[in-house]
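*Asks:* Below: sequence and its predicted model.
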Amino acid sequence: MFDKMKELWKLKGQMEEIKKQLDATIIEGESDGGVFKMKLTASQEVKEIVFLKDPKDVDKAKLEKLLKETFNKTLREAQKAAAGKMSALTGGLGLPGL
C-alpha cells in the first residue's frame, strides 16, 4: 500500500510539471489575409490577440469568421501539443483509457 501511495505522489508531481510545461508552451496562429494573430498556451488559455490590420478595414462578418476559424485552428494545435505532453506521462503507467 505504501508503494501505491508513493506512486500517486510521483504521478501528482509529474502532472504538476506537465501543467507548468503546458502553461509555458505557446501556440501561435495567424488569420488568413494577415488581419490578426493570436497566441494560446497548450493549456488552452488565450494569451494575446494582436490586430495586424485595422479591424475597421475588414467587413464585420468576415472578421467574425476569421476570428472563429483562427481560434479553432490554433486551439486544435494547442490540444495536439497538450496530448503529446500528456502521452509522455501516461505512456508507461498502464492507465486505462489514456
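*Replies:* Thanks, I have the structure now. Residues are numbered from 1 along each chain as shown.

*Asks:* drop to CA atoms for contacts and neighbour counts, all remaining ones
*Replies:* Noted.

*Asks:* what about the protein, any weak spots by pLDDT?
*Replies:* 89-98 (pLDDT under 70).

*Asks:* can you pull out the helices in the protein?
*Replies:* Along the chain, counting by DSSP state H, helices occupy 2-24, 60-90.

*Asks:* Now the first one: buried residues?
*Replies:* Within helix 2-24, the residues that qualify as buried are 18-19, 21-23, counting by 16 or more other C-alpha atoms under 10 Å.

*Asks:* Tell me which two of those sit farthest apart.
*Replies:* Farthest-apart pair in the buried residues of helix 2-24 is I18 and D23; separation 8.5 Å (C-alpha to C-alpha).

*Asks:* between the helices of the chain, which gets nearest to K47?
*Replies:* helix 2-24 (10.1 Å).

*Asks:* for the closest one, packing partners?
*Replies:* strand 36-41, helix 60-90 (3 or more C-alpha pairs under 8 Å, 6 or more residues apart in numbering; DSSP states H and E).

*Asks:* Show me what the last one is packed against.
*Replies:* Spelled out, that is helix 60-90. Where contact means 3+ C-alpha pairs under 8 Å, 6+ apart, helix 60-90 is packed against helix 2-24, strand 26-30, strand 36-41.
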